[in-house]
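Novice: Give me the fold of what follows.
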Amino acid sequence: MSNSKNNNQQGSLGLVACVTIIVGGMIGSAIFSLSGMTIYYAGPAAIISWIIAAIVLLMYGLQIAELSTIYPKSGGVFVFPTKSLGKTEKQGKIWGFISAWGYLNANVVGIAFAAIYVATYLSVGFPIFEGMQIPLAIGACLFCFILNILKVSVAGKANTVLVILLTCTMIVFVVIGLCTKNWDSSLLTPFFSQGIKGSTGFLSAIPNAMVAYGSIVAIAFMVSEVKNPNKNVPKSMCIAMSVVIVLYVLILITTVGLITSNFLEENPGMRFIPLYAAAFTKLQAFPWLAKVISISAVLALLTTINVLIAITSRAVVAIADGGMLPKSLSKINSRTGTPIIASIAVTLVAMIISCFPQFTAEIVNIGSLLAAITISINCVSLIVARKKNKYVQGNYRAPGGSYLPIITLAIIIVSYIPGIISGAALWYYIIAWYAVGIIILFINRSLAKK
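Specialist: The predicted structure follows:
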């Protein structure tokens, strides 16, 4: 049975810190990089893709918020399926491992992708950094690792400062972009057929847009560190999503009025830096703006890395606590309350992946598909958890009953069908990734028996 809300009041993260952590995680690599790919696929209709993706991830986030009150322990992607799925604890742990192992990969490649584009934006904005992509990517990972091994409250305050600076720079881009005579509303028509994917391109762009909102669940996965989680977890999700979607829509409207999908098709090097491309080509009257965009992108990417290391390391701790990874990974530093060893492991793997920027597109697609697998498993977990656990008065309950997870699953399946059908190479990688996980699992169990 779930714990009552009174058992979860001792965390150090309040509502403001929760909101800024989620916002910082969501305003990151995707809007500054993947937005270019969605515009390339769908043209102006990419705006619809991002709105649909926001709705889907908020629906998912609210389900995770309920699961976090039923099973109030950090590291939810492993904990929730483990507790709810399977007739036995062993079966439940298998589902938990499938969910969490996919989630770990999706987040680690997300960290690596963000680190790669810290280096990219620095090099295009400041020529002094040209040719330093790999060292800069590694440095970005190390910087965020240091933030993560500080006390949770200190990291939360640092994240708040980064988010405030980031939001200000994004508003500057929107105001200048929309107010300049170079912004052209005629570029928004035809609305649905400009992208290379045609009139249904907005559907193909949804999976990429969904990546932007993955951190909506960050606080639910850190629930044991949140004050009054029954209120603060769902409330922070709704506030953060409202802030982020307004900023995203404004940025997308600004961008598609300055550059087109045809421009991105003809200039493939600009597809992952669309805001910079818009400032560099159409807003030359403001020569400093391209540098502001570069700085804003770097801040956004750093906040993403910071949040992803935090939530991924806690998932590693939960898996290790469950006996499916080496026990040493579950250790928490008594002074700071942070999982230092798990954070080291996550950061090292991300640093290695960030050394291969030539595989950026593959990194994004792999992470996106693995995230979909994890989301699907956890949606099913909520349906089963409600049947297994008696509702505790005062605990948060997601709206929509069983319809909410079913609708979420349906939208994910529809939006991912094109990628599933045509992405055979991705599935080979995913099979290999899970094979590695199984090998590690068996080795760990063999060592534990000795």
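Novice: so what's residue 352 up against?
Specialist: Contacts for residue 352 (CB atoms under 8 Å, 6 or more residues apart in numbering) come out as none. Yep, even glycine has a C-beta here, placed from its N, CA and C like the rest.
Novice: per-residue confidence at it?
Specialist: The model reports residue 352 with a pLDDT of 93.
Novice: What sits closest to residue 165 if chain neighbours are left out?
Specialist: The shortest distance from residue 165 to any non-neighbouring residue, by CB to CB, 6 or more residues apart in numbering, is to residue 299 (5.7 Å).
Novice: can you list the residues that contact the helix or strand where residue 409 lies?
Specialist: Assigned by DSSP states H and E, residue 409 belongs to helix 403-422. With contacts defined as CB under 8 Å, 6+ apart, helix 403-422 is touched by 52, 56, 59-60, 62-63, 203-204, 206-207, 210, 365, 368-369, 372, 375-376, 379-380, 382-383, 398, 400, 426.
Novice: Filter the residues you listed down to the buried ones.
Specialist: Buried subset of these (neighbour count, 16 or more other CB atoms under 10 Å): 52, 56, 59-60, 62-63, 203-204, 206-207, 210, 365, 368-369, 372, 375-376, 379-380, 382-383, 398, 426.
Novice: all helices for the stretch 1-150 of the chain, in order.
Specialist: Remark: helices assigned in the stretch 1-150 of the chain by DSSP state H, counting those that start in this stretch are 15-26, 29, 35-42, 46-70, 76-84, 89-125, 133-148.
Novice: list the contacts for residue 363?
Specialist: Contacts of residue 363 by CB under 8 Å, 6+ apart are 109, 112, 113, 116, 353, 356.
Novice: let's see 7 Å
Specialist: 109, 112, 113, 353 (CB atoms under 7 Å, 6 or more residues apart in numbering).
Novice: Those residues: which two are farthest apart?
Specialist: Greatest spacing in those, by CB to CB: 113 and 353 (8.4 Å).
Novice: Neighbour count: those two, which is higher?
Specialist: Using other CB atoms under 10 Å, the more surrounded residue of residue 113 and residue 353 is residue 113, with 31 against 22.
Novice: gap between the more buried one and residue 364?
Specialist: Applying CB to CB, to the nearest Å, the value for residue 113 to residue 364 is 6 Å.
Novice: Next: residue 229.
Specialist: Going from residue 229 to residue 364 by CB to CB gives 32 Å.
Novice: Which one's more surrounded, these two?
Specialist: Ranked by neighbour count (other CB under 10 Å), residue 229 and residue 364 place residue 229 first, with 28 against 22.
Novice: Just confirm the more buried one contacts residue 68, I think it does.
Specialist: Yes - here residue 229 reaches residue 68: they are 6.5 Å apart, a contact under CB atoms under 7 Å.
Novice: Which phi and psi values does the residue nearest to residue 165 adopt?
Specialist: When read as degrees, to the nearest 10, the backbone of residue 299 gives phi -60, psi -40.
Novice: And for the residue nearest to residue 39 when sequence neighbours are not counted, the neighbour number?
Specialist: Excluding the flanking residues, the one nearest residue 39 by CB to CB, 6+ apart is residue 46, at 4.8 Å. By the measure other CB under 10 Å, the count of residues near residue 46 is 30.
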